[in-house]
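S.K.: Provided below are the primary sequence and the corresponding predicted coordinates.
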Amino acid sequence: MSAGPSGALTGELVVLALFVLIIVRRTVRLIQGAPYSTARMFGFAAVYVLLFVALAFSTLYSAVVFWGSAAYVLLLPYVAVPVLAGFLAVPYVRRVVRFEPRENGQLYYRLSWHIPVLYLVLFLGRLAAEVVVLGPSALILSFPPPAPPSDLAVEALIGVDLLFGVSLGLLLGRGVGVYLAHKDLPSSDRGESPPPSPPLPSR
């Protein structure tokens, strides 16, 4: 038996497990309170965007195999679902996020536990659904992806992709909502230094 494919799958499983652990850790941090950093917040969201694009590309590739050029109409819901979820999340997160200074001098923000847990559940649900549809081979991140066994399988993949799109939109909306709520704070509460006093008039 060749060890090549098994070794490749093991490596990809390790990468996937690390990514899941990062999301779990991030979920716990958001419940306990995370340091406010726009770079970290939107940087994590950018990784989610790239992952969603890769998953969408994989599903669209399979859809084109079955449905030809008609599959490209799927681009509309793949864009609309994250945008709509983000649009709905922004005002809610902006209203419920809480900021608090910690002893280390940093400003932290906290969210109700159900918000970050929802991101985690949606991501793991999408992953589990794909494995059910395609089997363990779905975890292999190579291209081209394994071909779905039927039209129904393609439709199931589209459904779980759009579920992940909801998660992505909520994540982006969370970042924008936290950013806007931070801007709403008085300068003193944001940890910003007051503007320098104007120079005294010369005599």
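M.R.: Cool, the structure landed. Residues are numbered from 1 along each chain as shown.
S.K.: what about stretch 53-60, average pLDDT?
M.R.: When pLDDT is averaged over stretch 53-60, the result is 83.
S.K.: would you mark the buried spots in that stretch?
M.R.: Within stretch 53-60, the residues that count as buried by 16 or more other C-beta atoms under 10 Å are 55-56, 58-60. For every residue, glycine as well, the C-beta is placed using N, CA and C.
S.K.: so, low pLDDT: which residues of this structure?
M.R.: Within the chain, the stretches falling below the threshold (pLDDT under 70) are 1-13, 15, 133-149, 188-203.
S.K.: all helices for it, in order.
M.R.: If DSSP state H is used as the criterion, the helices of the chain fall at 4-32, 38-67, 75-96, 114-134, 151-184.
S.K.: most tightly surrounded among those?
M.R.: Here the criterion is mean neighbour count by mean count of other C-beta atoms under 10 Å, and of the helices of the chain the winner is helix 151-184, at a mean of 20.
S.K.: distance from the chain centre to that helix, please.
M.R.: Taking the mean C-alpha point of helix 151-184 and that of its whole chain, the gap between them comes to 7 Å (C-alpha atoms, centre = their mean, to the nearest Å).
S.K.: that one to helix 75-96, inter-axis angle?
M.R.: Here the directions of helix 151-184 and helix 75-96 differ by 30 degrees (axes from the mean of the first three to the mean of the last three C-alpha atoms, to 10 degrees).
S.K.: tilt between helix 151-184 and helix 114-134?
M.R.: For the pair helix 151-184 and helix 114-134, the angle between their directions (the same axes, to 10 degrees) equals 160 degrees.
S.K.: which helices and strands does helix 151-184 pack with?
M.R.: helix 38-67, helix 75-96, strand 107-110, helix 114-134 (3 or more C-beta pairs under 8 Å, 6 or more residues apart in numbering; DSSP states H and E).
S.K.: quick revisit: can you put the buried residues of stretch 53-60 in a markdown table and add distance to residue 158?
M.R.: Putting those into a markdown table (distance: C-beta to C-beta, whole Å) gives the following:
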| residue | distance to residue 158 |
| --- | --- |
| 55 | 11 |
| 56 | 9 |
| 58 | 11 |
| 59 | 6 |
| 60 | 9 |
